[in-house]
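Student: What shape does this take:
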Amino acid sequence: MEIINMIVQVKEGFHDTLLRVFEAMSHISVHGIMSNQIVLALDTDDIHVLARTTKKIQDMEGVLGIYPIFSKDALPL
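Tutor: Just a heads-up that it's a prediction; the model follows:
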């Protein structure tokens, strides 16, 4: 199982709503929260699940952007 980490930048006022949505999604776990950034881990070996999930998150109201994390040093926490 591969784990892909990402930072999701969210608009002011959408933080709590999006957090609940992310917590309910399959393959997603929330690993950290800092102001308007939510750190997610996506666990899958299927590139199609990765593509669909990131597209779904990007299209959510209140999401400004998704930024992959390539090393733990990039985490804002």
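Student: Give me the contact list for the longest helix seen in the chain.
Tutor: Looking across the chain with DSSP state H, the single longest helix is helix 47-58. For helix 47-58, contacts defined as CB atoms under 8 Å, 6 or more residues apart in numbering pick out 4, 6, 8, 22, 25, 27-28, 40, 42, 44, 63, 65-66. For every residue, glycine as well, the C-beta is placed using N, CA and C.
Student: In terms of secondary structure, what does the next helix or strand after that helix contact?
Tutor: Using DSSP states H and E, the helix or strand that follows helix 47-58 towards the C-terminus is strand 63-68. Counting contacts by 3 or more CB pairs under 8 Å, 6 or more residues apart in numbering; DSSP states H and E, strand 63-68 is packed against strand 3-10, helix 47-58.
Student: Kindly state which of these is positioned closest to Ser35.
Tutor: strand 3-10 (9.3 Å; CB to CB).
Student: and the angle from that closest one to helix 47-58?
Tutor: 10 degrees (axes from the mean of the first three to the mean of the last three CA atoms, to 10 degrees).
Student: Now Glu12, what are its backbone angles?
Tutor: Note on Glu12: its backbone torsions stand at phi -60, psi 130 [degrees, to the nearest 10].
Student: any idea how far Gly13 is from Ile38?
Tutor: Between Gly13 and Ile38 the computed distance is 14 Å (CB to CB, to the nearest Å).
Student: These two: which has the busier surroundings?
Tutor: Ile38 (21 against 9; other CB atoms under 10 Å).
Student: Relative to Tyr67, how far out is Asn5?
Tutor: 10 Å.
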